[in-house]
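Student: What follows is a predicted protein model with its sequence.
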Amino acid sequence: MYPEPTKPGTLRRYGHRGTRLSLLSVFLTILLAACSNLVDEPKPTFPEGEPPTTNPGAPFEPGEPGLPGDPGEPESPTDPSDPAAPEPPSSPGDDDPTDPRDPDEDPGQPSDPGTPDPGGPDDPHDPGGPSDSPSGGPALGALLWQATHESGDQREWYADGGGGEYNSGTGDAWVSSKYARSGKYSLLMRIDTSRGGGGTRQFRWNELDNIDTITTIWAYLPHHISLDRLNDWFNFIQWKTVKWAGKPGGDYEYNDPLWSLDIHERGGPGSGGPNFLKLVNFDDPRGVSAEDAPKGMDLPVGEWFKITTHFRRGTGTNGFIRVWLNDELMFDKQNIQTMRPDQSYTGWSVNAYADITYPRVTEIYVDDVTIHLPR
């Protein structure tokens, strides 16, 4: 049997329904597409609603927020070979810094930061000699400043206009997630000496207005640092003494490190021996002099270590510098000059700063940096 022929009216009715269903399907498709365009893609958020600092020329590292992917061509080095000479560094992301106490650059005509009380030998408030315990590190008092880098940028170093980053040559620094002593981030300092010397220096000076300051730095060396036999200096920590020639923010009368902690090699430069610290005196009337860390007090590679310093500002013979490695006393220099009587201020910095290094691209990570008063 054959089915009965479809009635014309029935055919037209089903045909109209199919047309209406097709139109409804197209309408719903267009409506869904329009609604989807109204939904924004999620955007990254940063602490306090601000993006992290991005430094020109900084290489990208996976997991690091806000770093550029193209490092670009490094600038030709301009840093002089003499580590005691003033340098022309640059501030990251700011080609015209305006802080009057930029220790290495003429920033223009900012406001007068004032001149700290030198606390000389006749100062009635001079607290006398150090009261630290030789072992276990100094007793910490009030916390004046710290940098944990957990904001994802370097804002802590610039806090209150009391410091900042200053670079020369191919030196640069940025916050990294590759290694961290605590939390998620640390500060990576990197120099490339393949075409000449360079440096990156992280400064603080506000806190150094105090007669006594205790600094703590946790550092990490991902590799051994070797130096050139004819140019074997690597400035890691320094205390600078600075005097304006006239109005603050103008020219300098002098801008010199008085004391520094330099990285060297046991057995001499290029020997491959363990890295250790030298305490260097740039103000020795007989010429630059240095004292080696005791044997066995070397800097480890691939693990965090702590450097603690107790610095007393003093003219003549009423200053001192004490240094601990992992709470073991390494240097104890007393009755020394740590500032000049006519200076404008003291600057303290953590650095990766050298002329020639091996490997040519040298890295140091620092974290949990603090400045305290003594107890």
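Tutor: That came in fine, so what should we check first? Numbering: from 1, shown residues only.

Student: Quick check: which ranges of this protein have low pLDDT?
Tutor: The chain contains residues with pLDDT under 70 at 1-131, 133-135.

Student: Helices of that one, residue ranges please.
Tutor: 8-37, 155-158 (DSSP state H).

Student: ok, Pro359 to Ser194 distance?
Tutor: Look at Pro359 and Ser194: by Cβ to Cβ, to the nearest Å, they are 9 Å apart. The way it works is simple: take the backbone N, C-alpha and C, and place the C-beta from them, glycine included.

Student: Please apply the same query to Trp239.
Tutor: Trp239 is 30 Å from Ser194, by Cβ to Cβ.

Student: quick one: the nearest residue in space to Asp160 that is not next to it in sequence and Met330, what's the gap?
Tutor: Nearest residue to Asp160 in three dimensions, chain neighbours excluded: Asn206, at 6.0 Å (Cβ to Cβ, 6 or more residues apart in numbering). In this view, Asn206 and Met330 are 27 Å apart by Cβ to Cβ.

Student: For the stretch 251-375 of the chain, which segments are assigned as strands?
Tutor: 252-265, 275-281, 289-292, 304-312, 319-325, 328-336, 345-354, 357-358, 361-374 (DSSP state E, counting those that start in this stretch).

Student: swap in the stretch 101-250 of the chain?
Tutor: 140-147, 163-168, 172-176, 186-192, 198-204, 212-220, 226-227, 234-244.

Student: What is the fourth one packed up against?
Tutor: Strand 186-192 is packed against strand 172-176, strand 198-204, strand 345-354, strand 361-374, with contacts defined by 3 or more Cβ pairs under 8 Å, 6 or more residues apart in numbering; DSSP states H and E.

Student: swap in the third one?
Tutor: The contact analysis (3+ Cβ pairs under 8 Å, 6+ apart) places strand 172-176 against strand 186-192, strand 198-204.

Student: Of all those, which one is nearest Gln146?
Tutor: Closest approach to Gln146 among the helices and strands packed on strand 172-176 (Cβ to Cβ): strand 198-204, 10.3 Å.

Student: how long is stretch 138-157 from one end to the other?
Tutor: Distance across stretch 138-157, first residue to last, is 23 Å (Cα to Cα, to the nearest Å).

Student: Which positions within that stretch qualify as buried?
Tutor: Using 16 or more other Cβ atoms under 10 Å as the test for burial, stretch 138-157 gives 138, 144-145, 147-157.

Student: Now the two most distant members of those residues.
Tutor: Pro138 and Gly152 (30.9 Å).

Student: one step back: tell me which of the buried residues of stretch 138-157 is nearest to Arg340?
Tutor: Of these, the one sitting nearest to Arg340 (Cβ to Cβ) turns out to be Leu144, at 23.0 Å.

Student: what about that closest one, distance to Asp160?
Tutor: Counting by Cβ to Cβ, the gap from Leu144 to Asp160 is 10 Å.

Student: intersection of neighbour lists for these two?
Tutor: Taking Cβ atoms under 8 Å, 6 or more residues apart in numbering as the contact rule, Leu144 and Asp160 have no neighbour in common.

Student: What is the neighbour count of Ile321?
Tutor: Neighbourhood size, Ile321 [other Cβ atoms under 10 Å]: 21.

Student: Going forward, count from 2.
Tutor: All set: I'll call the first residue 2, so the last point we hit is now Ile322.

Student: List the contacts of it.
Tutor: Ile322 neighbours (Cβ under 8 Å, 6+ apart): 240, 260, 280, 310-313, 332, 334, 337, 339.
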